[in-house]
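Asker: Build me a model:
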Amino acid sequence: MQFTVHAAKTNLSKLIDAALSGEEVIIAKGSKPVVKIVPIEQASFRIGILKGKLTGEGPDFFEPMREDELGLWEGAE
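Answerer: Modelled structure (predicted):
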């Protein structure tokens, strides 16, 4: 579908929704098409993407620190 700049200003939210639903949205100056509204591809985020790919055991951040390590964090010399 093609819209003039004025119509696009008035109906921008509707045009964005149309583009997101897969419709081709063109904005024209007069009768000359000049731009197309297209959705930006969203990257998907998945928790646990590395599950089963890491080997060995990492540090246990919930274990208490040794006294000498704790002293270094607290500025003791």
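Asker: so what's residue 18 up against?
Answerer: Contacts were defined as C-beta atoms under 8 Å, 6 or more residues apart in numbering; by that measure residue 18 touches 1, 25, 37. C-beta here means a position set from N, CA and C on the backbone, and glycine is covered the same way.
Asker: What is the burial count for residue 12?
Answerer: Around residue 12 sit 13 other residues, with neighbours defined as other C-beta atoms under 10 Å.
Asker: can you tell me how far it sits from residue 4?
Answerer: Residue 12 sits 13 Å away from residue 4 when distances are taken as C-beta to C-beta, to the nearest Å.
Asker: if we can go back for a sec, for the contacts of residue 18, pick the one with the most neighbours.
Answerer: Going through those with other C-beta under 10 Å as the criterion, the one with the most neighbours is residue 25, at 21 neighbours.
Asker: Please name the nearest non-neighbouring residue to that one.
Answerer: residue 37 (4.1 Å; C-beta to C-beta, 6 or more residues apart in numbering).
Asker: pLDDT at that neighbour, what is it?
Answerer: At residue 37, the model reports a pLDDT of 94.
Asker: was I right about it contacting residue 23?
Answerer: No. With the criterion set as C-beta atoms under 8 Å, residue 37 and residue 23 do not qualify as a contacting pair; they are 9.2 Å apart.
Asker: Please enumerate residues in contact with the helix or strand harbouring residue 34?
Answerer: When elements are assigned from DSSP states H and E, residue 34 belongs to strand 32-37. For strand 32-37, the surrounding residues in contact (C-beta under 8 Å, 6+ apart) are 2, 15-16, 18-19, 24-28.
Asker: Appreciated, that's everything.
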